[in-house]
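K.L.:
got a structure for you, letters missing:
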């Protein structure tokens, strides 16, 4: 792309310069021929003097020759010169310009993006997170709590049923053992007490009866 621009610019400049020089040289040759014809033969009218024909012929010949020669020469010279000059100049200029532009854009974008993203993200995240967390937590907590409470209630009912069954069975065993021991102790106590009481009572009763 850069080479095409350089070639087009060189062709344009060479054509412009060749056209300007050809016009200038043709005007200069016509002026010189008229001046010489008048100065050499002032008594003869310039329109019928042969030098005018020569001047016109030379002006046309020089204009055509110089325009063709200068256009070819200048196009070649300017294309080579401008290609080298513009390649070096544009490469240096573009490298400096692009480096400055990259530095400027990096600084600008870093500042702009940092400020913009910080504000945007803070607002967006605050709104999004508040809405999302409220919906998510409400749904999650409701489901989680319902599942957790149902599992906890089932677990507690199972635990209490097992615990109460074991406790009541142990209590029944303990009470049966306690009552059996208590009945045994009571029977032994009553038998001993009654035997002693009856023996004393009978002995007193018999002694009184025999004394009478």
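P.N.:
Perfect, I can see it now. In this text, all values refer to a predicted model and were calculated from it rather than measured experimentally. Numbers count the residues shown, from 1 in each chain.

K.L.:
how close does residue 145 sit to residue 151?
P.N.:
11 Å (C-beta to C-beta, to the nearest Å). To be clear about C-beta, it is placed using only N, CA and C from the backbone, and glycine gets the same treatment.

K.L.:
One more: residue 126?
P.N.:
Residue 126 is 35 Å from residue 151, by C-beta to C-beta.

K.L.:
which regions of the protein lie under the pLDDT threshold?
P.N.:
Flagging of the chain using pLDDT under 70 yields the residue ranges 1-19, 21-22, 25-60, 62-63, 66-67, 70-71, 74-75, 78-79, 82, 212.

K.L.:
can we see that at 50?
P.N.:
Within the chain, the ranges that satisfy pLDDT under 50 run 41-48.

K.L.:
Do a quick rundown of the helices in it.
P.N.:
2-40, 50-211 (DSSP state H).

K.L.:
Dump these into a markdown table; add mean neighbour count as well.
P.N.:
Shown next, in a markdown table, are these (neighbours: other C-beta atoms under 10 Å):
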| stretch | mean neighbour count |
| --- | --- |
| helix 2-40 | 15 |
| helix 50-211 | 11 |
